[in-house]
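In: got a predicted structure here, sequence first:
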Amino acid sequence: DAKTTQPPSMDCAEGRAANLPCNHSTISGNEYVYWYRQIHSQGPQYIIHGLKNNETNEMASLIITEDRKSSTLILPHATLRDTAVYYCIVRVHIANSGYALNFGKGTSLLVTP
Amino acid sequence: SAVISQKPSRDICQRGTSLTIQCQVDSQVTMMFWYRQQPGQSLTLIATANQGSEATYESGFVIDKFPISRPNLTFSTLTVSNMSPEDSSIYLCSAPGQGNIQYFGAGTRLSVL
């Protein structure tokens, strides 16, 4: 699996957009970008994933650069409850089988009032 | 999504004893995964539990220390054997849900005295 690089920490004011970057310069053509977050001492929560097109769901947007070497997770209107560690993971998506995830250190996002 | 229930949610154990953690999934899955999260660290994969076969352990984890059972397609247990304070961690299980996205249980917080 491709390695990812994320800043160790970021701050964001409540109500503003939080933009979390991730570098994955060695990503392969069949590897997806996944984002999870872990709120203190809870299990990781799936946020979003994508291959090459930008994706949006009720939680966030994922912007992947054209060369796929980096991506940005956007939380459009951050709230205090979005304070968590955010993990960017690159992985081949296997359609009919389970797969483990290789968690890096992630980005600790602090949303402040 | 998938609903994954873990129990116990937390426990405090004495050195030298063993604890069995249970993981229940709300749908039938072939593969389940167990992770460890040491204090202040990211998640590390312990093993992959396939129904009907022996679990596959990652480097640094052995069956004698972390025996795993997988009696059916919705259930798995992880035992932490002969515990020492170094085993104090959060233990998490995961399984695939809709769209083959990996979902996680809430975790078991283990403290060994």
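Out: Received, thanks.

In: nearest residue to the middle of the chain?
Out: Let's take chain A. For chain A, A:Trp35 is the residue whose C-alpha lies nearest the centre (C-alpha atoms, centre = their mean; 3.1 Å).

In: ah, no, chain B please
Out: Central residue of chain B (C-alpha atoms, centre = their mean): B:Trp34, at 3.7 Å.

In: chain neighbours aside, what residue packs nearest to that one?
Out: Nearest residue to B:Trp34 in three dimensions, chain neighbours excluded: B:Ile46, at 4.4 Å (C-beta to C-beta, 6 or more residues apart in numbering or on different chains). Every C-beta, even on glycine, is put in place using the N, C-alpha and C of the backbone.

In: for the helix or strand that contains that neighbour, packing partners?
Out: Following DSSP states H and E, one finds B:Ile46 within strand B:43-50. Applying 3 or more C-beta pairs under 8 Å, 6 or more residues apart in numbering or on different chains; DSSP states H and E, we find strand B:43-50 packed against strand B:31-37, strand B:56-57, strand B:68-72, strand B:75-80.

In: which of the helices or strands spans residue 91?
Out: Using chain A here. Going by DSSP H and E, A:Arg91 is part of strand A:84-92.

In: if you could check chain B rather than the one you did, that'd help
Out: In this assignment (DSSP H and E), B:Tyr91 forms part of strand B:89-96.

In: mean confidence score for that strand?
Out: The average of the pLDDT scores along strand B:89-96 is 96.

In: that strand: what's the following helix or strand?
Out: Note on strand B:89-96: by DSSP H and E, the next helix or strand toward the C-terminus is strand B:102-104.

In: tell me which strands that next one pairs with, and in which orientation.
Out: Here strand B:102-104 is paired, per DSSP bridges, with strand B:89-96 (antiparallel).

In: could you pull out the buried residues of the strand it pairs with?
Out: Residues of strand B:89-96 classed as buried: B:Ser89, B:Ile90, B:Tyr91, B:Leu92, B:Cys93, B:Ser94, B:Ala95, B:Pro96 (neighbour count, 16 or more other C-beta atoms under 10 Å in any protein chain shown).

In: ok, now how distant is the residue of chain B most remote from its centre from chain A?
Out: When distances are taken from the C-alpha mean of chain B, B:Gly99 lies farthest, 22.3 Å away, according to C-alpha atoms, centre = their mean. B:Gly99 sits 9 Å away from chain A, going by C-beta to the nearest C-beta, to the nearest Å.

In: quick one, strands of chain A?
Out: Counting by DSSP state E, chain A has strands at residues A:9-13, A:18-23, A:31-38, A:45-50, A:55-56, A:61-64, A:70-75, A:84-92, A:107-112.

In: picking up where we left off before, for the strand holding A:Arg91, name the packing helices and strands.
Out: Helices and strands touching strand A:84-92, by 3+ C-beta pairs under 8 Å, 6+ apart, are strand A:18-23, strand A:31-38, strand A:70-75, strand A:107-112.
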